[in-house]
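A.B. asks: Show me how the following folds:
(one chain, ligands or ions: 11)
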Amino acid sequence: MKFLLAIVLCGVVVLGTFPLSSDAQASQLDPSFYRDTCPTVHSIVRDVLRNVSKTDPRILASLMRVHFHDCFVQGCDASILLNDTATIVSEQGAAPNNNSIRGLNVVNDIKTAVEAACPNTVSCADILALAAEIASVLGGGPDWKVPLGRRDSLTANRTLANQNLPAAFFTLPQLTTAFANQGLNITDLVTLSGAHTFGRAQCQFFFARLYNFNGTGNPDPTLDSSYRQILQSQCPIDGSKNTSVVNLDLTTPDTVDNKYYSNLQAQKGLLQSDQELFSTPNASTTAIVNNFSANQTLFFEAFKASMIKMGNIGVLTGTNGEIRKQCNFVNSNSMGLANVASNKESFSEDGIVSSY
Ligand code: HEM
Ligand SMILES: *[C@@H]1O[C@H](CO)[C@@H](O)[C@H](O)[C@H]1NC(C)=O
Ligand SMILES: *[C@@H]1O[C@H](CO)[C@@H](O)[C@H](O)[C@H]1NC(C)=O
Ligand SMILES: *[C@@H]1O[C@H](CO)[C@@H](O)[C@H](O)[C@H]1NC(C)=O
Ligand SMILES: *[C@@H]1O[C@H](CO)[C@@H](O)[C@H](O)[C@H]1NC(C)=O
Ligand SMILES: *[C@@H]1O[C@H](CO)[C@@H](O)[C@H](O)[C@H]1NC(C)=O
Ligand SMILES: *[C@@H]1O[C@H](CO)[C@@H](O)[C@H](O)[C@H]1NC(C)=O
Ligand SMILES: *[C@@H]1O[C@H](CO)[C@@H](O)[C@H](O)[C@H]1NC(C)=O
Ligand SMILES: *[C@@H]1O[C@H](CO)[C@@H](O)[C@H](O)[C@H]1NC(C)=O
Ligand SMILES: *[C@@H]1O[C@H](CO)[C@@H](O)[C@H](O)[C@H]1NC(C)=O
Ligand SMILES: *[C@@H]1O[C@H](CO)[C@@H](O)[C@H](O)[C@H]1NC(C)=O
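C.D. replies: Ligands and ions are numbered 1, 2, ... in the order given. This next block holds a predicted model:
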């Protein structure tokens, strides 16, 4: 009897503190989360992505970026996918996303394919995490076991997207702070910036480096001059709003490898935020760049670890959030699609308590 009472009291303490610990939340994710309920989810996502990437190789990079822009704003909860409605101010309208984020239609195609196989089971947030890993693999990079079990948010926050997402013209201290705010350190910063090993960037995001860096009237001195001349021909001086795109990695534009880091050593990083990692005087990030440039295996190992770490940020699990039926809308407002089979009620409080 005394023993039972101790367990009950203990349970109260655990329940009272659990939601405060992000580690506890993250540890609730599990790579085998859908083993019984949707064993084919990984191959479904992979098949759609493989198909689309045949005609649009950039889609791999675009979807990896969507996952990043999701995780940095109230956690990896698919909040970025929510469209404008009467109650939602979409994060898609935030400055770092507007006219920039790509691939949301492909996310919807993936979701449709997944729903056909496993209705009401797989969250949009998990689809983004899976798509990022599959993008790495299809791009020639590492694979990893993606921790799963995220649930989708009921809210979005454009203000937070504007605050939390780093900008291309950030200095190293600003980048460090933006990542530290998400629990990511400078190793994670250098490692995850390596995602710029593929994909494209619009002229507007590095234009100032070519012509008038930081108000100096001169180009960025840390930008290789022959590379600068190529970029100047791709982004003419009268085109500061030019939306045409340039490869982020001039060496291997569509491949996930460590060439991004040797580009930085050659002063051929495209964005200021890239080059800062190597060229900031006396910064500890320079040695990390040198390490990754020298050893691709080391980079790949670090990339797996940092992607998993990023994928754990602020996740919703258990009875929090919901499994959206359509990724652009919460179930209570999904344009008639909502057969809101009360995901919440099916996990009753009794169920949770009895599982302890
Ligand atoms: C370190 C701070 C970062 C900054 C300042 C930054 C900024 C940018 C910018 C300005 C673009 C070009 C967008 C456009 O032209 O529309 C871009 C593209 C991209 N970013 Fe980042 N980024 C950062 C970190 C990351 C991270 C952590 C990831 C993923 C792990 C990532 C993945 C990508 C990818 C894959 C693209 C290409 C997307 C495409 O081609 O559609 N970035 N980034
Ligand atoms: C991929 O494309 C092939 C041929 O175009 C098609 O038969 C198949 O259904 C597609 N698969 C997916 C998952 O979209
Ligand atoms: C969501 O909004 C995007 C524009 O941000 C639009 O292209 C898309 O069609 C919308 N999705 C739905 C299902 O209405
Ligand atoms: C997004 O960009 C479009 C086109 O430039 C612009 O009309 C719109 O106002 C922007 N959205 C927001 C929320 O700023
Ligand atoms: C959005 O985030 C901002 C900045 O952290 C916060 O002040 C605000 O309360 C949030 N808004 C909503 C609707 O959650
Ligand atoms: C960053 O965090 C990882 C663990 O997530 C740790 O292994 C690494 O040593 C840390 N790096 C720095 C520079 O603190
Ligand atoms: C840009 O100029 C400001 C001062 O005007 C300086 O504090 C900052 O470090 C400069 N940034 C770079 C990257 O040189
Ligand atoms: C943008 O740059 C391209 C060259 O990359 C050029 O063909 C195009 O005319 C420019 N557009 C504007 C609006 O300046
Ligand atoms: C970098 O370190 C060297 C030697 O420790 C020092 O002389 C120099 O002032 C430092 N530069 C900056 C920008 O901190
Ligand atoms: C670089 O790699 C070496 C050997 O793997 C390691 O001892 C060192 O700590 C690394 N330095 C940084 C800054 O990552
Ligand atoms: C590269 O890094 C891997 C992973 O840390 C390590 O096992 C290997 O010994 C390194 N290779 C070299 C040549 O240093």
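A.B. asks: Could you break this structure into its assigned domains?
C.D. replies: With domains defined by automatic domain parsing, the chain comprises 26-166+320-344, 172-307.
A.B. asks: so which of these comes closest to ligand 6?
C.D. replies: domain 172-307 (3.7 Å; CB to the nearest ligand atom). C-beta: built from backbone N, CA, C; applies to glycine.
A.B. asks: Averaged pLDDT, the closest one. What do you get?
C.D. replies: Average pLDDT, domain 172-307: 96.
A.B. asks: what about that domain and ligand 4, any contact?
C.D. replies: No - against ligand 4, domain 172-307 shows no contacts by CB under 6 Å from any ligand atom, the least distance being 9.3 Å.
A.B. asks: how long is that domain end to end?
C.D. replies: Terminal residues of domain 172-307 lie 20 Å apart, using CA to CA, to the nearest Å.
A.B. asks: any bit of that domain sitting next to ligand 5?
C.D. replies: No - between domain 172-307 and ligand 5, judged by CB under 6 Å from any ligand atom, nothing touches; the nearest distance is 10.6 Å.
A.B. asks: count of residues packed around Asn83?
C.D. replies: By the measure other CB atoms under 10 Å, the count of residues near Asn83 is 17.
A.B. asks: Contact distance from ligand 2 - what residues of the chain qualify?
C.D. replies: Residues of the chain lying near ligand 2 by CB under 6 Å from any ligand atom: 47-48, 51, 113.
A.B. asks: which one of those residues is nearest Ser62?
C.D. replies: Using CB to CB, Val48 comes nearest to Ser62 of those, at 13.7 Å.
A.B. asks: How about the secondary structure of that closest one?
C.D. replies: For Val48, the assignment made with DSSP: H, G, I helix; E, B strand; the rest coil gives helix.
A.B. asks: contacting residues for it?
C.D. replies: Contact analysis of Val48 by CB atoms under 8 Å, 6 or more residues apart in numbering lists 106, 109-110, 113.
A.B. asks: Tell me the spacing between it and Glu115.
C.D. replies: Distance, Val48 to Glu115, using CB to CB, to the nearest Å: 12 Å.
A.B. asks: Please see if the helix or strand containing Pro173 touches ligand 6.
C.D. replies: Using DSSP states H and E, Pro173 sits within helix 172-180. No - Helix 172-180 does not reach ligand 6 (CB under 6 Å from any ligand atom); its nearest approach is 10.1 Å.
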